[in-house]
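A.B. asks: what follows is a protein structure lacking sequence information:
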């Protein structure tokens, strides 16, 4: 198990209206309109490991009233985006998540907003639980 926050990530697509919070090449974004995409490089690969569970942490500096934007994970098998149902502030657990791990170990996440209601800084962190396919 790798706890949330120990897997490095990078914003790979910037929103139409918004940008990074803090240092470049981080997994934090202010998102007014559009989509932001992030790649998390895990230390495992999809050929040797089965991804049993992802823990996607979504937090903000906006306080308790804040709700996460639409959140999608990229399905490498079908080459489509899969939207999380009702993402919550804090850790979102996604089980049976092997399809979200690329052969070279990348998990791709997209946040989207079509309203200028997000404000503040959104912080993403990723953790996982995996098992070796052929131990």
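C.D. replies: Now that the structure is in, tell me what you want to look at. Here the structure is a predicted model, which is why all the values come from computation and not from measurement. Numbering: from 1, shown residues only.

A.B. asks: least confident secondary structure element in this protein?
C.D. replies: strand 17-20 (a mean of 84; mean pLDDT, DSSP states H and E).

A.B. asks: from the chain's centroid, how far away is that one?
C.D. replies: 16 Å (CA atoms, centre = their mean, to the nearest Å).

A.B. asks: now for the helix or strand following that strand, which elements pack on it?
C.D. replies: Proceeding N to C from strand 17-20, the next assigned helix or strand is strand 28-41, under DSSP states H and E. With contacts taken as 3 or more CB pairs under 8 Å, 6 or more residues apart in numbering; DSSP states H and E, strand 28-41 sits against strand 9-13, strand 17-20, strand 106-113, strand 122-132. Backbone N, C-alpha and C define where each C-beta goes, glycine included.

A.B. asks: among the ones you listed, which is the most enclosed?
C.D. replies: strand 106-113 (a mean of 21; mean count of other CB atoms under 10 Å).

A.B. asks: got the angle for that one vs strand 9-13?
C.D. replies: 50 degrees (axes from the mean of the first three to the mean of the last three CA atoms, to 10 degrees).

A.B. asks: parallel or antiparallel, which strands does strand 106-113 pair with?
C.D. replies: strand 28-41 (antiparallel), strand 70-75 (antiparallel) (DSSP bridges).
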